[in-house]
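> Pasted the sequence and its predicted model underneath.
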Amino acid sequence: MLASHLTLTPLTATVLIFLAVLAGNRYRRVWKTEGPRWQLWLFGLLAALALLTLAFVPMQTA
């Protein structure tokens, strides 16, 4: 099965955390300034996908 070989390396997990933080920060800025709704969706989905990936894809062990 393909799903059994799907793991996150520490570098990939770090990049995903960084992406989630940046997207969440950008979401908050657009929300506070009442910016375009498409930007809210874009940054919200990016943050959500990154966090869901971190939550449900296992980390690679040594």
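Thanks, I have the structure now. Residues are numbered from 1 along each chain as shown.
> so where's this protein shaky on pLDDT?
Residue ranges of the chain with pLDDT under 70: 1-4.
> Need phi/psi at the most centrally placed residue in it.
Residue closest to the mean C-alpha point of the chain, counted by Cα atoms, centre = their mean, is A50 at 1.8 Å. Per-residue torsions, A50: phi -60, psi -40 (degrees, to the nearest 10).
> Pull the number of nearby residues for the closest residue in space to it that isn't next to it in sequence.
In space, and not counting its chain neighbours, A50 is closest to A20: 3.8 Å by Cβ to Cβ, 6 or more residues apart in numbering. No exception for glycine: its C-beta is placed from N, CA and C like everyone else's. Other residues near A20 come to 19 when the count uses other Cβ atoms under 10 Å.
> Look up which helix or strand A20 falls in, please.
Under the criterion of DSSP states H and E, A20 resides in helix 10-32.
> Give me the buried positions along that helix.
For helix 10-32, burial by neighbour count (16 or more other Cβ atoms under 10 Å) applies to A13, L16, L19, A20, A23, G24, R26, Y27, V30.
> which residues does the first one contact?
Think A13. L54, M59 (Cβ atoms under 8 Å, 6 or more residues apart in numbering).
> So it versus L51, what's the distance?
As judged by Cβ to Cβ, to the nearest Å, A13 and L51 stand 11 Å apart.
> now do the third one
Separation of L19 from L51 (Cβ to Cβ) stands at 10 Å.
> what's in contact with stretch 47-62?
6-10, 13, 16-17, 19-20, 23-24, 27.
> and with 10 Å instead?
Stretch 47-62 is touched from outside by 3-4, 6-13, 15-28, with contacts defined as Cβ atoms under 10 Å, 6 or more residues apart in numbering.
> Please identify which helix or strand holds the nearest residue to G24 once chain neighbours are set aside.
Leaving aside its sequence neighbours, G24 sits nearest to A47 (Cβ to Cβ, 6+ apart; 4.5 Å). Using DSSP H and E, A47 falls within helix 37-56.
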